[in-house]
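Student: Provide a 3D model corresponding to the input given below.
(2 chains)
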Amino acid sequence: EVQLVESGGGLVQPGGSLRLSCAASGFTFSDHYMDWVRQAPGKGLEWVARTRNRVKRYTTEYAASVTGRFTISRDDAKNSLHLQMNSLDSDDTAVYYCARSTVSTTHNNIDYYGMDAWGQGTTVTVSS
Amino acid sequence: DIQMTQSPSSLSASVGDRVTITCRTSQGIRNDLGWYQQKPGKAPKRLIYAASSLQSGVPSRFSGSGSGTEFTLTISSLQPEDFATYYCLQHNSYPLTFGGGTKVEIK
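Tutor: Numbering: from 1, shown residues only, chains lettered A, B, ... in the order given. Take a look at the predicted model:
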C-alpha cells in the first residue's frame, strides 16, 4: 500500500523558516517524480514544487510564488522528500501535501507526469 | 502559464442525478489532465488520468472526456459519497495548474 506521511508543520513567525518532510513507503520511491502541493484555508489547490527522479538527475521546478524561497529535495536512500521553506509570510499559511507523480501520458516519446497518490498533509501557519 | 477555468464553481444536485463539470485551458494541453476529488479535511484523490482513463478502484459512474482545451468530468448517477469538491489539474507544462474547484452539494 502506498503511504505518504508528512511532518514538520507548525506555527512560525513571518520571515522564519520551516522544513517539511514526507516519508514514503509501499512503492519504489526512487522511480517517481515527487511534488509538494498546498491549500490555503478555504481555498483551492496550488502546486508548489517538483523534483524529478535520478534518471532525470533530480532536476526541480517551482511555482513563481515560492521560487528563491523554497527548496525541494529528496533522499532516495531514506525514501524521503523535503521542502525547505525560508522567508515565510502569511500567504504561505496552508496545508502542505506531498504527492507522488507517475507517468500519466506520453507524447512523442516524452513522458508527462501526473499526481496519483497524496499524503494527508501537514499544516503550516505563518503568524506573529 | 496555463490558466484553468473550471465551471461551475458549485452545484446542487440530488442522489441519482447526472453531473457534468467542465475545465477549459488557456492553451492546448493534448490530454495531459487529471480529475481529483477532495472531501473536507482529506487529501485529494485522483479519479481520472489522461483526461479519460479511469483510475484503478474508482467507480465506473465517473468518466472523463476531452482533449486540447476543453475537458469534462461526468458522474452518471450521483451517490451520497460523491458530495465533495472536484479539481482538474494540467501536467502538460510548468507551472502545473489546478482549476478553481467545483463543490458538489446536496440539493
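Student: okay, the residue in chain A sticking out farthest from the centre: pLDDT?
Tutor: In terms of distance from the mean C-alpha position of chain A, A:N108 ranks first, at 27.7 Å (C-alpha atoms, centre = their mean). Per-residue pLDDT puts A:N108 at 91.
Student: which parts of chain B sit against chain A?
Tutor: For chain B, the residues in contact with chain A (C-beta under 8 Å from any C-beta of the partner chain) are B:30-32, B:34, B:36, B:38, B:42-46, B:49-50, B:55, B:87, B:89, B:91-92, B:94-101. In this view, the C-beta of every residue, glycine as well, is placed from N, C-alpha and C.
Student: that older thread, angles on the backbone of the residue farthest from the centre of chain A, please.
Tutor: As for A:N108, its main-chain torsions (degrees, to the nearest 10) stand at phi 50, psi 40.
Student: how near is it to chain B?
Tutor: Distance, A:N108 to chain B, by C-beta to the nearest C-beta, to the nearest Å: 10 Å.
Student: still on that earlier bit, which of the residues of chain B next to chain A count as buried?
Tutor: Buried members of the residues of chain B next to chain A, counted by 16 or more other C-beta atoms under 10 Å in any protein chain shown: B:31-32, B:34, B:36, B:38, B:43-46, B:49-50, B:55, B:87, B:89, B:91-92, B:95-101.
Student: wouldn't A:L18 be in contact with A:G9 here?
Tutor: Yes. Between A:L18 and A:G9 there is a contact under C-beta atoms under 8 Å: 7.3 Å.
Student: in contact with the residue nearest the centre of chain A, which residues?
Tutor: By C-alpha atoms, centre = their mean, the mean C-alpha position of chain A lies nearest to A:W36, the distance being 1.9 Å. Contacts for A:W36 (C-beta atoms under 8 Å, 6 or more residues apart in numbering or on different chains) come out as A:20, A:47-50, A:70, A:72, A:81, A:83, A:96-99.
Student: state the pLDDT value of the residue nearest to the spatial centre of chain B.
Tutor: Geometric centre of chain B, nearest residue: B:W35, 3.8 Å, by C-alpha atoms, centre = their mean. Looking at B:W35, its pLDDT reads 98.
Student: just B:I106 next, same as before
Tutor: With respect to pLDDT, B:I106 scores 87.
Student: follow-up on the earlier one: give me the pLDDT for the residue nearest to the centre of chain A.
Tutor: Note for A:W36: predicted pLDDT of 98.
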